[in-house]
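Novice: Dropping the sequence and predicted coords here.
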Amino acid sequence: MELNHTHDASRHSWLDSANAAGCDFPLQNLPLCIFRRLGRAEPWRGGVAIGDQIVDLAALHGRGCLQDLAAEATRAAAAPTLNALLDLGPSAWRALRHGIFALLEADSVHERPVRETLVPQAAAEFAVPIRIGDYTDFYTSLDHAVNCCRQFGLEVNPNFDWLPIAYHGRVSSIGVSGQQVYRPMGQYRADPGSAPVYGPCQRLDYELEVGAVIGIGNARGTPIPLAKAQQHIFGLCLLNDWSARDIQTWEMQPLGPFLAKNFATTLSPWIVTLEALLPYRTGWTRSPGRPQPLDYLRSADNAAAGAFDIQLEVSILSARQLTQGRQPRTLTHTSFRHQYWTLSQMIAHHTMGGCNLQSGDLLGSGTISGPAPGEAGALIELTVSGTQPVDIGDGEQRGFLEDGDTVVFRGWCERDDYARIGFGLNYGTVLPAPASA
């Protein structure tokens, strides 16, 4: 993929809200979702964000505004998940994006029929946009690893420098923004020298991550080389890897997290295509003092443009603040560019042993933390395991999450000479542990 007219910041839409300063969804973005109108028993279908509206792809398909491959892609994307669109491949993804761009651009001859397909985002509800077959969550921020290990007097494991570490997560508990997350039950040790107890998690946390949706898979036994890895990504979203830290500490040796991670994962509803993100790729570097990757995880292209400069923010709203209509206070502001391993390296390593990724698979980037104190992507870092609570506003503090808290993620990209594009919101609310537990 190369930069093209859909990245031109001088192009505008006939929809005024798409041209507003700070808008997440200008003409240059066009992310996809699965939605339906609130309060109506109607089918889920694909949509494209523009300004404060959604282009209803099912309605658009019946109007004949697009032809050939773009029309076929529209029909596929009008289904209850985006998997059929993914299966059509990059040419169809590009045809759909370019076709919708032309329909929404100022002075389009199709403005009237397309305007009739618009649904206000405020009047919509959303579903997980893809049928996810497998979910792999990585652990690829050196700053996050150092911050966590330092609290326990530990060093980061030597393999962290050599390979992107990961575990396989639970697909059934993945939800979309607005997800209600029950505080998990499990075993943990309140005192390191005592027997474990069973009860509600006492150290509930979030993890700020980016999710990557695999668009094209690979044959089993045929690794994806680093140079071609980005070609297999359909797009990116925001991901909250909810984490029960006390349960995790007790259970994760020697095989890694289990109940501490399988109770909920929250995705933002919008998938921002990799083509839309092209202007915001950036160089990936590693300190000369750290080991450099092995050959299969190293290339000039990955060094030149393997990372993405996605600005990310985290805030928490308490139940009281939410009731009072308060605005959340930003706790973290960082960038995805700080990650120690790139998405391409994650994919190359994931498949190098013969594993076959499939269309619709989901990869989590792992917690995203930067080098500065205000760039930590989880409360366990920000609060030093709860010993130094953070101020969330209005006199309230948090060491870990409390029942009723709503965690909000925001993400966007901006660069001189290009339009600002955003990912929308990813939010989820903590509920008490189920009474039956």
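Specialist: Looks like it came in fine. Numbering: from 1, shown residues only.
Novice: Output the host helix or strand of Thr332 in PDB with nothing but the alpha carbons.
Specialist: Taking DSSP states H and E as the criterion, Thr332 maps to strand 329-335. What follows is strand 329-335, C-alpha atoms only, in PDB (Å, rounded to 0.1, in the frame of the first residue of the first chain):
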ATOM      1  CA  ARG A 329      -9.400  13.200  34.200                       C
ATOM      2  CA  THR A 330      -6.700  11.800  32.000                       C
ATOM      3  CA  LEU A 331      -4.300   9.500  33.900                       C
ATOM      4  CA  THR A 332      -2.100   8.300  31.100                       C
ATOM      5  CA  HIS A 333      -1.000   9.800  27.700                       C
ATOM      6  CA  THR A 334       1.400   7.700  25.700                       C
ATOM      7  CA  SER A 335       2.000   6.400  22.200                       C
END
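Novice: Packing partners of the very next helix or strand once past it?
Specialist: Counting by DSSP H and E, the next helix or strand C-terminal to strand 329-335 is helix 343-351. In this structure, helix 343-351 packs against strand 208-214, strand 362-364, with contacts taken as 3 or more CB pairs under 8 Å, 6 or more residues apart in numbering; DSSP states H and E. Glycine gets a C-beta too; all of them are placed from N, C-alpha and C.
Novice: Mind listing residues that contact the lengthiest helix in the chain?
Specialist: Among the elements of the chain assigned as helix by DSSP state H, the one spanning the most residues is helix 90-104. The contact list for helix 90-104 (CB atoms under 8 Å, 6 or more residues apart in numbering) reads 1, 5-6, 11, 13-15, 18, 27, 30, 48, 50, 55, 60, 65-66, 68-74, 76-77, 85-86, 108, 110, 114, 215-216, 231, 234, 273, 275-276.
Novice: Try it again at 7 Å.
Specialist: Helix 90-104 has contacts (CB atoms under 7 Å, 6 or more residues apart in numbering) with 6, 13-15, 27, 30, 48, 50, 55, 65-66, 69-70, 72-74, 77, 85, 108, 110, 114, 215, 231, 234, 273, 275.
Novice: Kindly format the C-alpha coordinates of the helix or strand following that helix as PDB.
Specialist: Moving toward the C-terminus from helix 90-104, the next helix or strand (DSSP H and E) is helix 111-115. Taking Å, rounded to 0.1, in the frame of the first residue of the first chain, the C-alpha atoms of helix 111-115 are listed here in PDB:
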ATOM      1  CA  GLU A 111     -24.900  12.800  -1.900                       C
ATOM      2  CA  ARG A 112     -28.700  12.500  -1.800                       C
ATOM      3  CA  PRO A 113     -29.000   8.700  -1.900                       C
ATOM      4  CA  VAL A 114     -26.000   8.200   0.500                       C
ATOM      5  CA  ARG A 115     -27.400  10.800   2.900                       C
END
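Novice: how about helix 111-115: buried residues?
Specialist: Glu111, Pro113, Val114 (16 or more other CB atoms under 10 Å).
Novice: got these as JSON lines, with pLDDT and distance to Gly393 columns?
Specialist: Formatted as JSON lines, the buried residues of helix 111-115 follow (pLDDT from 0 to 100; distance: CB to CB, whole Å):
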{"residue": "Glu111", "pLDDT": "97", "distance to Gly393": "43"}
{"residue": "Pro113", "pLDDT": "97", "distance to Gly393": "46"}
{"residue": "Val114", "pLDDT": "98", "distance to Gly393": "41"}
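Novice: now, which of those sits nearest Arg410?
Specialist: Lowest distance from Arg410 to the buried residues of helix 111-115 (CB to CB) belongs to Val114, with 28.1 Å.
Novice: quick one: contacts for Leu343?
Specialist: Leu343 is in contact with Ala212, Ile233, counting by CB under 7 Å, 6+ apart.
Novice: still on that earlier bit, any quick ChimeraX command for the buried ones out of the contacts of helix 90-104?
Specialist: The ChimeraX selection below is limited to those of those classed as buried (16+ other CB under 10 Å):
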select :6,13,14,15,27,30,48,50,55,65,66,69,70,72,73,74,77,85,108,110,114,215,234,273,275
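Novice: Next step: the contacts of helix 90-104 restricted to helices.
Specialist: Filtering those for helices - DSSP H - leaves Leu69, Ala70, Glu72, Ala73, Thr74, Ala77, Leu85, Val114.
Novice: Export those to TSV and append columns for distance to Arg410.
Specialist: Output for the ones in helices among the contacts of helix 90-104, formatted as TSV (distance: CB to CB, whole Å):
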residue	distance to Arg410
Leu69	34
Ala70	31
Glu72	34
Ala73	29
Thr74	29
Ala77	25
Leu85	26
Val114	28
